[in-house]
Structure formats: C-alpha cells, structure tokens
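> Need a 3D model of the sequence below.
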Amino acid sequence: MRNTRAMIMMLVAIVLAFGAVLVAAQWINKQSAANTQKVAVALVDIPLGSRINAEMVRLVDWPANAIPPGSFNDPKALDARVTRSTIQRGEPLMEGKLAPPGTQGGLSAVVSEGKRAITVRVNDVVGVAGFTLPGNYVDILVNTQEEGARNSVRDPSISKIVLEHILVLAIAQEAGRDDTKPKVVNAVTLEVTPEQAEKLDLARSVGTLSLALRNQVDPKPVETTGATKSTLLGRTAPAPETKPAAAAAAPLPRVPAPRRIAAVRPPAGNQVEIIKGLERSTQQF
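A predicted model of the protein is given here:
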C-alpha cells in the first residue's frame, strides 16, 4: 500500500515537472520571438556586380536590438538588385552594399556617383608584383621630362607622384575582392574623378606610369617636388651660365696741356736805330 502511494506521488511529481518544463519553454520561446526579427541574409557567396534573385537569399531570426542598419526583411525588395561589393554566405544584405534600384549589373554598378573608371596598362613591376588587388588603394607616379629643360644644363628627367589614394576597382577582368593571392595582370582599372581621369590620361601619354601600393587606412596626402637625377645622386643643380659683363672702357690717359715757354729776352745791350728812307729798324750789339 505504501509502495503504491509512493509510486503515485513520484508519477505526479514527474508529470508536474514535465509540465513546468513545457510552460517554461513556451515562455522562453515567446520572449525570444518578441526580441527577434527576420533579416535577409545571403544563402550563397554573391560576387561583386551580380544581380540578386530569390535563390540567393533567405530569412533568418536576428536579435531585435542588433539589427544591421539598412537590412531587409522582405526578399522581394531585393529582387534584381545589384551588389556593389562581394557578399559572403550568411552575411546580411544591406542597402549600403547594393547599387541604386534600376542599376544594370557589371562593373558600372560599382563605380561611385560622380566618379569614373579608367584602365591603365601595367606589368609585373608596375603592378607591384601582382599585389595590387581590387579594393586596394594606390598612388600613381609618372616618369617623364620637364618642359623647357631639354636645352638647359639640368637633367630633364623627373619622376613625380601625380595622383594619390586611388581605388583599384578591378584587375584584368576580375573585380572580386575576396582573394588575397597575388595576380600578375596586364591591366588595372581605377576609380577616379573626371579631373583625375584627365591627368591620368595625359600622364600615360607623356611618360611611363608606376603604381605604389599604400595602406588602406592612410588617406593622408603628401607633398613632393619630384625626383631628378641630381636629387637622386645628392647633387645640387649647377647654376645657369651667365655671360660675363662687358669690361668697362678704360679711361683715356690725360695728355698734359703744353706748357707755354716764356720768350727769353736777350740781355740788354747797345742798340742802334737805322733809318732807310721810310723804313726804320733796330740793330742790337
């Protein structure tokens, strides 16, 4: 009898405990549901410049207090949108990583408003041994000859930084930014302003170009005067030749004025006056 009562109490305790667990689980689920929202994330890796479709997106629960700014909760709002950067699998899709609605796919969707894309020819040296990758920033140098220095004693060759902190959009025909392996290519596409595009086009026509890879978080500009052979070897430029000044005309020597010699009067002596007709003369003795 006592065993039967004990068994009944144990069964009742187990049922009550199981019920408490169910109630607690339901309460927790309700609290979790109240603190989460649906967010659209990438179901697969989406390359830069790709057009999004329904097969690339799924909705997941996301903490309501940590919703990424510009995220989407409706997959239909992402239909036919174009990515401006590579989106990894499981990463939320945000407005800042998408091109404006109506943009066509391709590299043109990546170019920022007011900017232009221009391609320059490079090689394994000019392209920093292939370490110049999409998303990096570079400085552009030109090696040319100074105007007006050909006929002077100065060396006309000069190397000068003409553009700084230029974004690399693509290398060859690849615009992906998720690969860090060096790639030697023969062309690099850069994002520049219209004024910078003009300078770059002129620079590649008057000299040879080189790229200098720079730190992505260092946008500080630098001011340089350029490097010449004289500055490279630590020499000072020779002073321009000047024509010697014409020698001043030497003054003519002063010729002393002739001295007047006083007439020497003969010593006084005997004089005889001679009169011949109408003529008269004096004879000194």
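
> can you list contacts of stretch 162-173?
107, 110-111, 117, 127, 132-142, 175, 183, 185-192, 196, 199-200, 203, 214, 219, 221-222 (Cβ atoms under 8 Å, 6 or more residues apart in numbering). Where you see a C-beta, it was placed from the backbone N, CA and C, and this is true even at glycine.

> where does the stretch 1-150 of the chain dip in pLDDT?
Within the stretch 1-150 of the chain, the stretches with pLDDT under 70 are 1-2, 30-34, 105, 124-127, 129, 148-150.

> show me where the stretch 101-250 of the chain has helices.
Here the stretch 101-250 of the chain has its helices, by DSSP state H, counting those that start in this stretch, at 194-206, 229-232.

> what packs against the longest one?
Contact partners of helix 194-206 among helices and strands, from 3 or more Cβ pairs under 8 Å, 6 or more residues apart in numbering; DSSP states H and E: strand 116-121, strand 137-145, strand 157-171.

> and the helices of the stretch 101-250 of the chain, which one is worst for confidence?
Lowest mean pLDDT within the helices of the stretch 101-250 of the chain: helix 229-232, at a mean of 80.

> any idea how far Pro100 is from the residue nearest in space to the middle of the chain?
Residue closest to the mean C-alpha point of the chain, counted by Cα atoms, centre = their mean, is Glu164 at 1.1 Å. According to Cβ to Cβ, to the nearest Å, Glu164 stands 28 Å off from Pro100.

> same question, Glu279
Using Cβ to Cβ, Glu279 is found at 139 Å from Pro100.

> same thing with Val12?
66 Å.

> ok, now Arg81?
Distance, Arg81 to Pro100, by Cβ to Cβ: 9 Å.

> if you count what's nearby, which of those two comes out ahead?
Under the neighbour definition other Cβ atoms under 10 Å, Arg81 and Pro100 were set side by side, and Arg81 has more, 24 against 11.

> How is the protein divided into domains?
With the TED database as the criterion, the domains of the chain are listed as 45-103, 116-233.

> Switch those over to CSV; also include distance to Gly19.
Below are the domains of the chain laid out as CSV (distance: least, Cβ to Cβ, whole Å):
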stretch, distance to Gly19
domain 45-103, 27
domain 116-233, 51
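
> Which one of the ones you listed lies nearest to Ile28?
domain 45-103 (13.7 Å; Cβ to Cβ).

> tally of neighbours for the nearest residue to Ser50 once chain neighbours are set aside?
Leaving aside its chain neighbours, Ser50 sits nearest to Thr83 (5.4 Å; criterion: Cβ to Cβ, 6 or more residues apart in numbering). For Thr83, the neighbour count with other Cβ under 10 Å is 23.

> Thr83 against Leu98, yeah?
Yes. Counting by Cβ atoms under 8 Å, Leu98 is a contact partner of Thr83 at 6.1 Å.

> between those two, what contacts are shared?
Shared contacts of Thr83 and Leu98, counting by Cβ under 8 Å, 6+ apart, come down to Ile52.

> just to revisit the earlier point, could the helices of the stretch 101-250 of the chain go into JSON lines alongside distance to Gln283 and mean neighbour count?
Shown next, in JSON lines, are those (distance: least, Cβ to Cβ, whole Å; neighbours: other Cβ atoms under 10 Å):
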{"stretch": "helix 194-206", "distance to Gln283": "109", "mean neighbour count": "14"}
{"stretch": "helix 229-232", "distance to Gln283": "99", "mean neighbour count": "14"}
